[in-house]
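[1] please work out how this folds:
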Amino acid sequence: LVDKWKCRAKTQGQDFSLCEPASCLQRVLLGLAKCESKLVEHLCLAAKAASNSGNLSYARCAMHRLQLRGSRDGQVTLGPGAWCLRAAKLMWLDGQRDKAVGL
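    Numbers count the residues shown, from 1 in each chain. This is a model prediction of the structure:
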């Protein structure tokens, strides 16, 4: 099911406003199903898609949820590199270049 979601998101193109409701639903369903690794992967991909389309607030929210998961679980399944890089890119886009470089 997760693979079908990824495929559908890719075919919908760059308009994240069309994908956002489905992305929220997927996040909730993955959380309820306790699919932690898929949820972490979903949050990272959602942050990437949102920031690529210019929806920085959604991207920040997804990254914040990802960081909360990592601090609560003691680990982030994707490894620190994946979410740190995404967080640094968001900081850079927000004009916080010093913080982004320090991350």
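
[2] what residue ranges in this protein score low on pLDDT?
    For the chain, the stretches flagged by pLDDT under 70 are 1-2, 5-14, 70-83, 103.

[3] and A62, how many neighbours?
    Other residues within reach of A62, judged by other Cβ atoms under 10 Å, total 26. All C-beta atoms are positioned from the backbone trio N, CA, C, and that covers glycine.

[4] quick check on G54: phi, psi?
    Dihedral pair for G54: phi 90, psi 0, per degrees, to the nearest 10.

[5] tell me the contacts of it?
    Contacts for G54 (Cβ atoms under 8 Å, 6 or more residues apart in numbering) come out as F16.

[6] gap between it and H64?
    Remark: distance between G54 and H64 (Cβ to Cβ, to the nearest Å) = 18 Å.

[7] using CSV, list the CA coordinates for the helix or strand hosting A46.
    According to DSSP states H and E, A46 maps onto helix 36-52. Written as CSV, here are the backbone C-alpha positions of helix 36-52 (Å, rounded to 0.1, in the frame of the first residue of the first chain):
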residue,chain,number,x,y,z
GLU,A,36,7.3,3.3,12.5
SER,A,37,9.9,2.8,9.7
LYS,A,38,7.3,3.5,7.0
LEU,A,39,6.0,6.5,8.9
VAL,A,40,9.5,8.0,9.3
GLU,A,41,10.2,7.4,5.6
HIS,A,42,6.8,9.0,4.8
LEU,A,43,7.5,12.1,6.9
CYS,A,44,10.9,12.6,5.2
LEU,A,45,9.4,12.3,1.7
ALA,A,46,6.5,14.5,2.6
ALA,A,47,8.9,17.2,3.8
LYS,A,48,10.9,16.9,0.6
ALA,A,49,7.8,17.2,-1.6
ALA,A,50,6.4,20.1,0.4
SER,A,51,9.6,22.1,0.3
ASN,A,52,10.1,21.4,-3.4
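
[8] so which elements touch the helix or strand just after it?
    Moving toward the C-terminus from helix 36-52, the next helix or strand (DSSP H and E) is helix 56-73. When contacts are defined as 3 or more Cβ pairs under 8 Å, 6 or more residues apart in numbering; DSSP states H and E, helix 56-73 sits against helix 16-32, helix 36-52, helix 80-93.
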